[in-house]
Structure formats: structure tokens, C-alpha cells
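Q: what follows is a predicted structure for the sequence shown.
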Amino acid sequence: MQFSDDEVERYARHLVLREIGGPGQQALKRARVLLVGAGGLGAPAALYLAAAGVGHIALADPDIVSLSNLQRQVLYGVADLEASKVETAARRLGALNPHVTIDPLPLRLDSGNAAGLVGAYDLVLDGTDDFVTRFAVNAACVQTGRTLVSGAIGRWTGQVGVFAGRPCYRCLVPDVPPDAETCAAVGVVGALAGVIGSMMALEAVKVITGAGEALTGRLLIYDGLAGEARTVRLGPDPDCPVCGVAA
């Protein structure tokens, strides 16, 4: 796979990195990545993946841009209000890097369509804010053998994990928490979305290129108020409804 002169200059800072270099940049160019959710987390993740040269990016989100999004969803502006998020994002990402193919998918993933869609891509990033979608995406990733990069934020705290087989996301969250809270209900500081979304993109780059040690089987928890982060190791749940013995 050859790079044009424009691509060589564009990706120069990657090409001189020992952990990425030419082979890693070629892997990025070949990669097909699905981002589920084009909001607070999906927006910065998509920007950095497009800038990094991921060759094919799909964005799945049925929502339109609202004024309350603009506090943290950095792909959009006032002129985009009431427009489709994924269509708007596709234009912005294409303007950032014309060497990347962007597929806008104005739909919500569920148990009926997730496996077919997930199976068409190499890697999945989930930045959605509801557990029903998260569970459907996780089940599809387990079914199709795809690696899942999952991110979540609320108030001042965020988390990022990488799930490849066992343990899966449902080992971490077996059921919808009875006290599940949304950002709309409890609030979230806008810059936190950039921090966690960027971390998701970083983990995706590491998974694709094989650089360093991805957060596979681990969960990074970031406390924005304290300015502290910790990482916990996750274990498979034998009773997990998706990847456990019974499943």
C-alpha cells in the first residue's frame, strides 16, 4: 500500500514514531472502524481517528444537533442545529482528511441490526449514553469476534476499556443499573468528553497498529475533579449472559 506525497507529509509525525512507522500507518489506512454514537465521545474520537488516517470510518447515530450538545460535542456549531449529526460529522471529517472514507449511518443499533453492521468493520468504538444500545453493541462484538473500545462519562468522571472476547462489557455491567443516570440528568463537564473521547481514539490506534499495551481486559477510570486516574483489571464472569458458560 503506497502513500501519496500529501499523505507522507500529513502523517509525518506518525511515520517517525518507532511504534507506528510505515507498517502501522498502512494498518491504519486499511482499517475499517465503526463509531457508535457521534456525540460527546464520538465527536473527538472521530476527529482524531480521521486525522490519524484510519481509512474507513462509519458513524452510527440517529440524532440531530441540538443547542445543548454544543457545550461538549466539538464537531458541531450553531449553523448545524437541527441537522443530522452523522451527515454533518461526515462533511467535517472529510474536510479534515480527504484520504479517509466516511460512512454516515443515521440509525440506532439494536439487537436486530447490530451484528450485521458490526461484522462489516474491524473495530468498534461505543460512546453511547444508554445501556440498551451498549448491550446490543457488546453482544454483536462478541458474536462477530470484534474488539470493542468502550467509553463513558458523567459529571466529572470518565472511563475507557477495551474488550476483546472475554471479559466482555456485560462482565463489567451485567444488568442495567437501577440508579443509572444520564448526562442530561446529572450533568457533565464539557472538556471531560474530549479527554475520554481522545483516550478512546488512542486505544483504537494502539489496537490497530499493535503499539504498546492496549487496555484489553482493563478499565481506566479518570477523575477530572481530582486530576487522578487509576486502572483496574477485569475478569470474566462465568455467569455473564453474553460470554459466560451458559451463553
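A: That came through, no problem.
Q: count of neighbours near Pro178?
A: 5 (other CB atoms under 10 Å). To be clear about C-beta, it is placed using only N, CA and C from the backbone, and glycine gets the same treatment.
Q: secondary structure element for it?
A: Under DSSP states H and E, no helix or strand contains Pro178.
Q: what do you get for Ala184?
A: In the assignment (DSSP H and E), Ala184 maps to helix 183-186.
Q: which strands or helices does that helix pack on?
A: Helices and strands touching helix 183-186, by 3 or more CB pairs under 8 Å, 6 or more residues apart in numbering; DSSP states H and E, are strand 147-154.
Q: quick one: contacts of the strand it packs on?
A: Residues from elsewhere that reach strand 147-154 (CB atoms under 8 Å, 6 or more residues apart in numbering): 40-41, 45, 123-127, 129, 134, 137-138, 141, 158-164, 168-169, 181, 183, 186, 188, 192-193, 196-197, 199-200, 203-204, 207, 216.
Q: can you select the buried ones from those residues in ChimeraX?
A: A single ChimeraX command is used to select the members of those judged buried by 16 or more other CB atoms under 10 Å:
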select :40,41,45,123,124,125,126,127,129,134,137,138,141,158,159,160,161,162,163,164,168,169,183,188,192,193,196,197,199,200,203,204,207,216
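Q: pretty sure Gly127 is touching Ala46, no?
A: No: counting by CB atoms under 8 Å, Ala46 is not a contact partner of Gly127; they are 9.4 Å apart.
Q: residue boundaries of the strands in this protein?
A: 32-36, 56-60, 101-105, 123-126, 147-154, 157-163, 218-223, 228-233 (DSSP state E).
Q: which one of the ones you listed lies closest to Met1?
A: Among the strands of the chain, the nearest to Met1 by CB to CB is strand 56-60 (13.2 Å).
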